[in-house]
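Novice: Pasting a predicted model and its sequence here:
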Amino acid sequence: MIVWTKNFPEKEKLRGYLRLVRARANYFDQIKPVRNGAGQLRLLRRPGFQTVLRHMRNTHAGKPGFILGNGPSLKEMDLSPLKNQITFGANGIYQMFDQWGFHTKYLLFEDTEQTELRRHEIHQVKGPTKLAAIYNAYCFKNFKDTIFFNARRADPYYFDELGIQFSRDFAHIVYLGSTITYIALQLAFHLGCDPVYLIGVDHTYGELARRFPPGKIEVTAENYELVRQCHVNPDYYKIGDVIGVPNVALQDQAYALAAETYAQHGRKIYNAGVNSELNVFPRTDFQAIFKKS
C-alpha cells in the first residue's frame, strides 16, 4: 500500500516507490545462493527487519527507559542525566540533539506527514537507531541505521469498532494510539524496559487545540505563533507544513491500555515531566529518579 500524501513531489515518487519495494522485500528473511572459496554453492540466510526486531526483545530487561515527547516543558528541565540512559524520541526531536549534547538511543517515525516533512534531514541524523513504519520507507534514502516495523494503519474501523490495541510483540505488529508516544511505549515494552518514564509529554497543544478540532491543519501565517508554542523547538514547523492537532480523548484511551498492559506484566509507567496535563500515569519527580539510583 502506498500512502504518500498529495504534497509528496511527483518527481520523487518513482524513487520512493522503489524504496517501498525494497523495504517490503527486506522485511522477512531472505535466502540467497552464494559460492564459497572452493566454488561450492551454499545458501546464505539474511535476516529481515522482523527478525532483527525479534532479536531485540528484552535486550533492556529490567532497565529504566525514558520516552521524550516534544513538548515545550522540556525547556524547563535539565536533561543531562539522560545522556547515558535508554531514551526514545520521535519525529523532529533530533533538532535538539546538538543543544542537549546527546541523542536519544532510539528515534521513531510513523506519521506520514511528519515523516515526509523530515525526509531530507532524516538521513543526516547520526547516532540513534531509527525505527519507522514500513509504509513510510519511501522517505528514507538508506536503510543502514533504520529498522522498519509493521504498523497497523488506523482507520474508523480500528478506532470505532475494533478498538485500540497494544502490541506485546513489536516484531509482529505495532498499533496506533493517536500519538507516536504510544508506539514508543510498545517498543519500550518489547525491549523489556521497567519502569518507563515519560517526559515532555505535555498532552496539550494549548490555544491551538482550543481553536482547532483534532485532525490535520496547515500551518499558516495566522496560526503560526500558536504553533510555535507547541514544541520544545519553536521552529519545529514552518509556514506551509502540516501539523496534527491531537485527539486527546483517543490518546487517553491508548495510554490507559498501555498502563493496564504494563501492570499485567508487573511493570510501571510514570509521568516524570513538568507542566504536563497527562494524568493517566502516576507522577514522579524526574530529578529524584537519579538521586535514588
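Specialist: The structure has been received and is ready for your questions. Numbers count the residues shown, from 1 in each chain.
Novice: From here on, just use CA atoms for contacts and neighbour counts.
Specialist: Fine.
Novice: can you give me the helices in the stretch 51-200 of the chain?
Specialist: 97-100, 112-122, 156-157, 180-191 (DSSP state H, counting those that start in this stretch).
Novice: model confidence over the strand or helix carrying Arg210, on average?
Specialist: Here Arg210, judged by DSSP states H and E, is contained in helix 206-211. In this model, helix 206-211 has an average pLDDT of 92.
Novice: ok, Gly206 - how many residues close by?
Specialist: A count of nearby residues for Gly206, using other Cα atoms under 10 Å, gives 13.
Novice: Also Gly37?
Specialist: Gly37: 7 neighbours (other Cα under 10 Å).
Novice: quick one: buried residues of the helix holding Arg210?
Specialist: Leu208, Ala209 (16 or more other Cα atoms under 10 Å).
Novice: Tell me which other helices or strands it touches.
Specialist: helix 224-228 (3 or more Cα pairs under 8 Å, 6 or more residues apart in numbering; DSSP states H and E).
Novice: thinking again about what came up before, and the helix holding Arg210, how far from the chain's centre?
Specialist: Helix 206-211 has its C-alpha centroid displaced from the chain centroid by 24 Å (Cα atoms, centre = their mean, to the nearest Å).
Novice: who touches it?
Specialist: If you take Cα atoms under 8 Å, 6 or more residues apart in numbering as the criterion, helix 206-211 is touched by Asn223, Leu226, Val227, Gln229, Cys230, Val245, Pro246.
Novice: Report the separation between the fourth one and Pro72.
Specialist: Applying Cα to Cα, to the nearest Å, one obtains 7 Å for the distance of Gln229 from Pro72.
Novice: of those two, who's got more company?
Specialist: More crowded of Gln229 and Pro72, by other Cα under 10 Å: Pro72, with 22 against 18.
Novice: Please read off the pLDDT at the residue lying closest to the more buried one once chain neighbours are set aside from the model.
Specialist: Leaving aside its sequence neighbours, Pro72 sits nearest to Val232 (Cα to Cα, 6 or more residues apart in numbering; 3.8 Å). For Val232, the pLDDT comes out at 96.
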